[in-house]
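J.: Below is the structure, and that's it, no one-letter string:
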(Lines give C-alpha, C1' and ligand atoms only; values in the text may rest on other atoms or scores of the structure.)
Protein backbone atom coordinates (compact mmCIF):
# COMPACT_ATOMS: atom_id res chain seq x y z
CA UNK A 1 0.00 0.00 0.00
CA UNK A 2 1.09 3.52 -0.69
CA UNK A 3 1.38 5.32 2.64
CA UNK A 4 -0.92 8.32 2.96
CA UNK A 5 -0.12 11.57 4.73
CA UNK A 6 -1.98 12.14 7.97
CA UNK A 7 -5.11 14.24 7.56
CA UNK A 8 -4.69 17.76 8.94
CA UNK A 9 -6.54 18.44 12.14
CA UNK A 10 -9.36 20.95 11.62
CA UNK A 11 -9.52 23.61 14.28
CA UNK A 12 -11.76 26.64 14.76
CA UNK A 13 -8.89 28.88 13.66
CA UNK A 14 -8.27 27.01 10.38
CA UNK A 15 -11.98 26.92 9.61
CA UNK A 16 -12.29 30.68 10.11
CA UNK A 17 -9.20 31.32 7.97
CA UNK A 18 -10.53 29.11 5.18
CA UNK A 19 -13.95 30.79 5.30
CA UNK A 20 -12.37 34.25 5.17
CA UNK A 21 -10.27 33.29 2.15
CA UNK A 22 -13.33 31.90 0.37
CA UNK A 23 -15.32 35.07 1.00
CA UNK A 24 -12.46 37.28 -0.15
CA UNK A 25 -11.84 35.32 -3.35
CA UNK A 26 -14.85 36.57 -5.36
CA UNK A 27 -13.95 40.22 -4.72
CA UNK A 28 -10.38 39.64 -5.90
CA UNK A 29 -11.51 37.59 -8.89
CA UNK A 30 -14.08 40.16 -9.92
CA UNK A 31 -11.57 43.02 -9.50
CA UNK A 32 -14.03 45.21 -7.65
CA UNK A 33 -13.55 48.81 -8.79
CA UNK A 34 -12.70 51.14 -7.25
CA UNK A 35 -11.18 49.82 -4.04
CA UNK A 36 -8.65 52.58 -3.44
CA UNK A 37 -8.31 56.33 -4.15
CA UNK A 38 -8.13 57.56 -7.73
CA UNK A 39 -6.15 60.55 -8.97
CA UNK A 40 -7.27 63.35 -11.27
CA UNK A 41 -4.22 64.89 -12.94
CA UNK A 42 -4.65 68.59 -13.69
CA UNK A 43 -1.91 69.52 -16.19
CA UNK A 44 -1.89 73.23 -15.29
CA UNK A 45 -0.97 75.28 -12.21
CA UNK A 46 -3.40 75.88 -9.32
CA UNK A 47 -5.88 78.72 -9.62
CA UNK A 48 -6.69 78.72 -13.35
CA UNK A 49 -9.75 77.52 -15.21
CA UNK A 50 -8.37 74.01 -15.72
CA UNK A 51 -7.59 73.72 -12.02
CA UNK A 52 -11.06 74.92 -11.04
CA UNK A 53 -12.71 72.42 -13.38
CA UNK A 54 -10.45 69.51 -12.39
CA UNK A 55 -10.98 70.01 -8.67
CA UNK A 56 -14.74 70.28 -9.07
CA UNK A 57 -14.82 67.09 -11.13
CA UNK A 58 -12.66 65.29 -8.56
CA UNK A 59 -14.99 66.32 -5.76
CA UNK A 60 -18.18 65.33 -7.54
CA UNK A 61 -16.78 62.05 -8.90
CA UNK A 62 -15.66 61.15 -5.36
CA UNK A 63 -19.27 61.46 -4.28
CA UNK A 64 -20.53 59.40 -7.22
CA UNK A 65 -17.96 56.59 -6.82
CA UNK A 66 -17.86 56.46 -3.03
CA UNK A 67 -14.05 56.65 -3.13
CA UNK A 68 -11.74 59.68 -3.09
CA UNK A 69 -10.63 61.17 -6.40
CA UNK A 70 -7.56 63.20 -5.49
CA UNK A 71 -6.61 66.22 -7.65
CA UNK A 72 -2.92 66.44 -8.59
CA UNK A 73 -1.41 69.45 -10.39
CA UNK A 74 1.32 68.45 -12.89
CA UNK A 75 1.91 71.68 -14.82
CA UNK A 76 4.27 72.50 -17.65
CA UNK A 77 4.75 72.56 -21.43
CA UNK A 78 1.22 73.80 -22.17
CA UNK A 79 -0.35 70.82 -20.41
CA UNK A 80 1.91 68.21 -22.02
CA UNK A 81 3.75 67.16 -18.84
CA UNK A 82 0.64 66.24 -16.86
CA UNK A 83 -1.08 64.67 -19.84
CA UNK A 84 2.01 62.60 -20.56
CA UNK A 85 1.99 61.34 -16.96
CA UNK A 86 -1.58 60.14 -17.50
CA UNK A 87 -0.74 58.59 -20.88
CA UNK A 88 2.04 56.55 -19.27
CA UNK A 89 0.05 55.50 -16.19
CA UNK A 90 -1.26 51.97 -15.70
CA UNK A 91 -4.52 51.46 -17.66
CA UNK A 92 -6.42 50.38 -14.55
CA UNK A 93 -8.88 53.27 -14.24
CA UNK A 94 -7.17 54.86 -11.25
CA UNK A 95 -5.60 57.73 -13.22
CA UNK A 96 -7.64 60.38 -15.07
CA UNK A 97 -6.59 63.69 -16.60
CA UNK A 98 -8.58 66.87 -17.20
CA UNK A 99 -7.69 68.57 -20.49
CA UNK A 100 -8.86 71.45 -22.64
CA UNK A 101 -8.61 71.51 -26.41
CA UNK A 102 -5.20 73.14 -26.12
CA UNK A 103 -4.04 69.53 -26.12
CA UNK A 104 -5.15 69.23 -29.77
CA UNK A 105 -3.35 72.44 -30.73
CA UNK A 106 -0.17 71.31 -28.94
CA UNK A 107 0.31 68.56 -31.53
CA UNK A 108 1.08 71.21 -34.15
CA UNK A 109 2.82 73.96 -32.16
CA UNK A 110 5.33 71.81 -30.26
CA UNK A 111 8.24 70.47 -32.28
CA UNK A 112 7.95 67.15 -30.48
CA UNK A 113 5.31 65.53 -28.29
CA UNK A 114 5.99 62.97 -25.54
CA UNK A 115 2.79 61.07 -26.32
CA UNK A 116 0.37 60.38 -29.15
CA UNK A 117 -3.03 61.85 -28.29
CA UNK A 118 -5.10 59.28 -30.19
CA UNK A 119 -2.91 56.23 -29.56
CA UNK A 120 -1.98 56.67 -25.88
CA UNK A 121 -5.15 58.17 -24.43
CA UNK A 122 -8.87 57.40 -24.54
CA UNK A 123 -11.59 60.04 -24.06
CA UNK A 124 -13.94 59.34 -21.16
CA UNK A 125 -16.23 62.28 -21.90
CA UNK A 126 -16.47 65.98 -22.63
CA UNK A 127 -17.66 67.79 -19.54
CA UNK A 128 -17.71 71.51 -20.25
CA UNK A 129 -17.37 74.49 -22.52
CA UNK A 130 -15.44 77.48 -21.21
CA UNK A 131 -17.19 80.52 -22.74
CA UNK A 132 -14.43 82.57 -24.35
CA UNK A 133 -14.61 86.03 -25.87
CA UNK A 134 -12.57 88.77 -27.45
CA UNK A 135 -12.62 92.08 -25.59
CA UNK A 136 -11.32 95.59 -26.15
CA UNK A 137 -9.37 97.70 -23.70
CA UNK A 138 -9.53 101.47 -23.12
CA UNK A 139 -7.13 102.25 -26.00
CA UNK A 140 -9.27 100.50 -28.62
CA UNK A 141 -10.90 103.15 -30.80
CA UNK A 142 -13.00 100.75 -32.89
CA UNK A 143 -16.68 100.69 -31.94
CA UNK A 144 -17.17 97.00 -32.69
CA UNK A 145 -15.49 93.89 -34.04
CA UNK A 146 -16.38 94.66 -37.66
CA UNK A 147 -14.43 97.91 -37.36
CA UNK A 148 -11.54 95.99 -35.78
CA UNK A 149 -11.42 93.73 -38.84
CA UNK A 150 -11.50 96.71 -41.17
CA UNK A 151 -8.51 98.26 -39.36
CA UNK A 152 -6.54 95.00 -39.52
CA UNK A 153 -7.11 94.91 -43.28
CA UNK A 154 -6.34 98.57 -43.87
CA UNK A 155 -3.38 98.79 -41.46
CA UNK A 156 -2.06 95.26 -40.84
CA UNK A 157 -0.29 94.88 -37.50
CA UNK A 158 -1.51 98.20 -36.06
CA UNK A 159 -3.67 96.63 -33.34
CA UNK A 160 -2.10 94.52 -30.61
CA UNK A 161 -3.83 91.41 -29.30
CA UNK A 162 -2.81 89.93 -25.93
CA UNK A 163 -2.58 86.15 -25.57
CA UNK A 164 -1.74 83.92 -22.58
CA UNK A 165 1.15 82.44 -24.55
CA UNK A 166 2.40 81.36 -27.94
CA UNK A 167 0.30 78.54 -29.37
CA UNK A 168 -2.49 78.73 -26.80
CA UNK A 169 -6.06 78.22 -27.92
CA UNK A 170 -6.86 81.94 -27.63
CA UNK A 171 -3.77 82.76 -29.69
CA UNK A 172 -4.67 80.40 -32.52
CA UNK A 173 -8.32 81.52 -32.36
CA UNK A 174 -7.15 85.06 -33.19
CA UNK A 175 -4.87 83.68 -35.91
CA UNK A 176 -7.97 81.98 -37.35
CA UNK A 177 -9.74 85.36 -37.37
CA UNK A 178 -6.77 86.87 -39.21
CA UNK A 179 -6.78 84.02 -41.72
CA UNK A 180 -10.50 84.31 -42.43
CA UNK A 181 -10.60 88.12 -42.54
CA UNK A 182 -7.47 88.75 -44.58
CA UNK A 183 -6.26 91.21 -41.92
CA UNK A 184 -3.47 90.95 -39.35
CA UNK A 185 -3.26 91.60 -35.64
CA UNK A 186 0.05 91.80 -33.79
CA UNK A 187 -0.10 89.01 -31.23
CA UNK A 188 1.66 89.81 -27.96
CA UNK A 189 2.32 86.75 -25.80
CA UNK A 190 2.24 86.85 -22.01
CA UNK A 191 2.80 84.21 -19.32
CA UNK A 192 -0.81 83.32 -18.70
CA UNK A 193 -4.30 84.75 -19.06
CA UNK A 194 -3.98 87.08 -16.04
CA UNK A 195 -1.06 89.12 -17.41
CA UNK A 196 -2.67 89.30 -20.87
CA UNK A 197 -5.91 90.65 -19.38
CA UNK A 198 -3.97 93.14 -17.22
CA UNK A 199 -2.17 94.36 -20.35
CA UNK A 200 -5.52 95.03 -22.05
CA UNK A 201 -6.91 96.88 -19.01
CA UNK A 202 -3.77 99.07 -18.78
CA UNK A 203 -3.81 99.85 -22.50
CA UNK A 204 -0.61 97.99 -23.29
CA UNK A 205 -2.60 96.07 -25.91
CA UNK A 206 -5.90 97.01 -27.52
CA UNK A 207 -7.47 93.53 -27.55
CA UNK A 208 -7.44 90.32 -25.55
CA UNK A 209 -9.10 86.92 -25.93
CA UNK A 210 -9.90 85.20 -22.64
CA UNK A 211 -12.38 82.93 -20.87
CA UNK A 212 -15.42 84.69 -19.44
CA UNK A 213 -14.36 83.76 -15.91
CA UNK A 214 -11.18 85.86 -16.31
CA UNK A 215 -12.84 89.04 -17.62
CA UNK A 216 -16.46 89.01 -16.42
CA UNK A 217 -15.99 91.42 -13.51
CA UNK A 218 -13.81 93.75 -15.61
CA UNK A 219 -16.49 93.91 -18.29
CA UNK A 220 -19.21 94.57 -15.72
CA UNK A 221 -17.03 97.30 -14.23
CA UNK A 222 -16.50 98.96 -17.62
CA UNK A 223 -12.74 98.37 -17.75
CA UNK A 224 -13.03 96.03 -20.74
CA UNK A 225 -15.61 95.91 -23.54
CA UNK A 226 -16.93 92.55 -24.78
CA UNK A 227 -16.85 92.42 -28.59
CA UNK A 228 -17.65 88.85 -29.60
CA UNK A 229 -18.20 85.30 -28.39
CA UNK A 230 -15.68 82.95 -30.01
CA UNK A 231 -18.09 80.00 -30.13
CA UNK A 232 -20.30 79.34 -33.12
CA UNK A 233 -23.48 79.72 -31.07
CA UNK A 234 -24.92 81.84 -28.31
CA UNK A 235 -23.80 81.05 -24.77
CA UNK A 236 -26.28 81.11 -21.86
CA UNK A 237 -23.47 82.54 -19.74
CA UNK A 238 -22.96 85.47 -22.17
CA UNK A 239 -26.53 86.43 -23.10
CA UNK A 240 -26.81 89.03 -25.82
CA UNK A 241 -23.17 88.90 -26.87
CA UNK A 242 -22.95 88.20 -30.62
CA UNK A 243 -20.64 85.54 -31.95
CA UNK A 244 -17.45 86.58 -33.72
CA UNK A 245 -18.98 85.21 -36.91
CA UNK A 246 -21.85 87.72 -36.56
CA UNK A 247 -19.95 90.65 -35.05
CA UNK A 248 -16.98 90.51 -37.43
CA UNK A 249 -18.88 89.40 -40.52
CA UNK A 250 -16.95 86.11 -40.76
CA UNK A 251 -19.45 83.32 -41.53
CA UNK A 252 -18.23 79.95 -40.34
CA UNK A 253 -15.93 81.25 -37.61
CA UNK A 254 -16.40 79.07 -34.52
CA UNK A 255 -14.04 78.15 -31.67
CA UNK A 256 -15.37 76.00 -28.84
CA UNK A 257 -13.03 75.95 -25.85
CA UNK A 258 -13.99 72.54 -24.49
CA UNK A 259 -12.86 70.55 -21.49
CA UNK A 260 -12.76 66.74 -21.28
CA UNK A 261 -11.49 63.89 -19.15
CA UNK A 262 -9.14 61.31 -20.67
CA UNK A 263 -7.78 57.95 -19.50
CA UNK A 264 -4.70 55.96 -20.46
CA UNK A 265 -5.47 53.75 -23.46
CA UNK A 266 -6.42 50.19 -22.62
CA UNK A 267 -8.64 50.63 -19.56
CA UNK A 268 -11.08 47.68 -19.46
CA UNK A 269 -14.57 48.43 -20.80
CA UNK A 270 -16.46 47.72 -17.53
CA UNK A 271 -14.23 50.17 -15.64
CA UNK A 272 -14.60 52.74 -18.43
CA UNK A 273 -18.38 52.41 -18.19
CA UNK A 274 -18.37 52.89 -14.42
CA UNK A 275 -16.13 55.96 -14.64
CA UNK A 276 -18.17 57.45 -17.50
CA UNK A 277 -21.38 57.07 -15.48
CA UNK A 278 -19.76 58.82 -12.49
CA UNK A 279 -18.39 61.60 -14.70
CA UNK A 280 -21.74 62.18 -16.34
CA UNK A 281 -23.42 62.28 -12.93
CA UNK A 282 -20.85 64.91 -11.91
CA UNK A 283 -21.79 67.35 -14.68
CA UNK A 284 -24.99 66.36 -16.47
CA UNK A 285 -27.39 66.98 -13.58
CA UNK A 286 -29.02 70.17 -12.32
CA UNK A 287 -26.57 70.23 -9.40
CA UNK A 288 -23.55 69.68 -11.63
CA UNK A 289 -24.63 72.31 -14.15
CA UNK A 290 -25.22 74.86 -11.37
CA UNK A 291 -21.82 74.14 -9.81
CA UNK A 292 -20.07 74.69 -13.15
CA UNK A 293 -22.09 77.81 -14.03
CA UNK A 294 -21.15 79.36 -10.67
CA UNK A 295 -17.53 79.11 -11.82
CA UNK A 296 -18.14 80.60 -15.28
CA UNK A 297 -18.14 77.21 -17.02
CA UNK A 298 -20.96 75.78 -19.15
CA UNK A 299 -21.76 72.09 -18.63
CA UNK A 300 -21.67 70.24 -21.96
CA UNK A 301 -21.69 66.46 -21.64
CA UNK A 302 -20.64 64.28 -24.59
CA UNK A 303 -19.56 60.65 -24.46
CA UNK A 304 -16.10 59.30 -25.31
CA UNK A 305 -16.74 58.42 -28.99
CA UNK A 306 -18.16 61.91 -29.56
CA UNK A 307 -15.02 63.44 -28.05
CA UNK A 308 -12.89 61.35 -30.42
CA UNK A 309 -14.85 62.83 -33.33
CA UNK A 310 -14.49 66.37 -31.92
CA UNK A 311 -10.72 65.88 -31.68
CA UNK A 312 -10.58 64.92 -35.38
CA UNK A 313 -12.66 67.99 -36.28
CA UNK A 314 -10.37 70.25 -34.25
CA UNK A 315 -7.30 68.75 -35.89
CA UNK A 316 -8.73 69.53 -39.32
CA UNK A 317 -9.50 73.10 -38.21
CA UNK A 318 -6.23 73.98 -36.47
CA UNK A 319 -3.47 72.29 -38.44
CA UNK A 320 -3.75 74.55 -41.53
CA UNK A 321 -4.09 77.71 -39.39
CA UNK A 322 -1.00 76.86 -37.34
CA UNK A 323 1.01 75.82 -40.41
CA UNK A 324 0.11 79.06 -42.20
CA UNK A 325 1.04 81.21 -39.18
CA UNK A 326 4.22 79.13 -38.65
CA UNK A 327 3.65 78.84 -34.89
CA UNK A 328 6.31 76.75 -33.15
CA UNK A 329 7.12 76.20 -29.48
CA UNK A 330 10.48 74.68 -28.58
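T.: Thanks, I have it. Because the structure is a prediction, the values reported are computed rather than measured.
J.: List the buried residues of stretch 195-211.
T.: Using 16 or more other Cβ atoms under 10 Å as the test for burial, stretch 195-211 gives 196-201, 204-211. Placement of C-beta: from N, CA and C, glycine included.
J.: Now do that stretch, average pLDDT.
T.: Confidence for stretch 195-211, expressed as mean pLDDT, is 95.
J.: tell me how far the helix or strand encompassing residue 180 is from the chain's mean position?
T.: Using DSSP states H and E, residue 180 sits in helix 169-181. Helix 169-181 sits 19 Å away from the centroid of its parent chain (Cα atoms, centre = their mean, to the nearest Å).
J.: and after that helix, which helix or strand comes next?
T.: Criterion used, DSSP H and E; the element after helix 169-181 is strand 186-189.
J.: circling back to that earlier point, which ones among the buried residues of stretch 195-211 lie within strands?
T.: Residues from the buried residues of stretch 195-211 lying in strands, with DSSP state E as the criterion: 207-211.
J.: on that earlier part again, okay, the angle between the helix holding residue 180 and strand 207-211?
T.: 130 degrees (axes from the mean of the first three to the mean of the last three Cα atoms, to 10 degrees).
J.: contacts for helix 169-181?
T.: The contact list for helix 169-181, computed with Cβ atoms under 8 Å, 6 or more residues apart in numbering, reads 100-102, 105, 109, 132, 134, 149, 152-153, 161, 163-165, 184-185, 187, 189, 193, 207, 209-210, 230, 244, 248, 250, 252-253, 255, 257, 317-318, 321-322, 324-325, 327.
J.: returning to that earlier point: just curious, which of the ones in strands among the buried residues of stretch 195-211 is nearest to residue 55?
T.: Set against residue 55, the nearest of these by Cβ to Cβ is residue 211 (16.1 Å).
J.: Distance of residue 193 relative to residue 128?
T.: Residue 193 sits 17 Å away from residue 128, going by Cβ to Cβ, to the nearest Å.
J.: typo on my end, it should be residue 109
T.: Using Cβ to Cβ, residue 109 is found at 23 Å from residue 128.
J.: Over to residue 48?
T.: From residue 48 to residue 128 the distance is 14 Å (Cβ to Cβ).
J.: higher neighbour count, those two?
T.: Ranked by neighbour count (other Cβ atoms under 10 Å), residue 48 and residue 128 place residue 128 first, with 26 against 21.
J.: excluding its backbone neighbours, what's nearest the more buried one?
T.: In space, residue 128 comes closest to residue 259 once its chain neighbours are excluded; the distance is 4.3 Å by Cβ to Cβ, 6 or more residues apart in numbering.
J.: Cross-check the contact I'm expecting between that neighbour and residue 125.
T.: No: assessed by Cβ atoms under 8 Å, residue 259 is found out of contact with residue 125, at 10.2 Å.
J.: who touches both of these two?
T.: The contact sets of residue 259 and residue 125 do not overlap (Cβ under 8 Å, 6+ apart).
J.: so who does residue 163 touch?
T.: The contact partners of residue 163, by Cβ under 8 Å, 6+ apart, come to 170-171, 174, 187-190, 196, 208-209.
J.: Residue 135: helix or strand, and which one exactly?
T.: In the assignment (DSSP H and E), residue 135 maps to strand 132-136.
J.: buried set for the following helix or strand past that strand?
T.: Next helix or strand after strand 132-136 toward the C-terminus (DSSP H and E): helix 145-154. Buried positions in helix 145-154, judged by neighbour count with 16+ other Cβ under 10 Å: 145-146, 148-152.
J.: Which elements pack onto helix 145-154?
T.: In terms of contacts (3 or more Cβ pairs under 8 Å, 6 or more residues apart in numbering; DSSP states H and E), helix 145-154 is packed against helix 169-181, strand 225-229, helix 244-248.
J.: right, and the helix or strand after that helix?
T.: Counting by DSSP H and E, the next helix or strand C-terminal to helix 145-154 is strand 160-163.
J.: Return the distance of that next one from the chain's centre.
T.: Here strand 160-163 is found 22 Å from its chain centre; the criterion is Cα atoms, centre = their mean.
J.: That strand pairs with which strands, and in what direction?
T.: Strand 160-163 pairs in its sheet with strand 186-189 (parallel), strand 207-211 (parallel), by DSSP bridges.
J.: what comes into contact with the last one?
T.: It refers to strand 207-211. Looking at strand 207-211 with Cβ under 8 Å, 6+ apart, the contacting residues turn out to be 49, 130-137, 140, 148, 159-164, 170-171, 173-174, 185, 193, 196-197, 199-200, 215, 224, 227, 230, 257, 296.
J.: let's see 7 Å
T.: For strand 207-211, the external contacting residues (Cβ atoms under 7 Å, 6 or more residues apart in numbering) are 49, 130-132, 134-137, 140, 159-163, 170, 173-174, 185, 193, 196-197, 200, 230, 257, 296.
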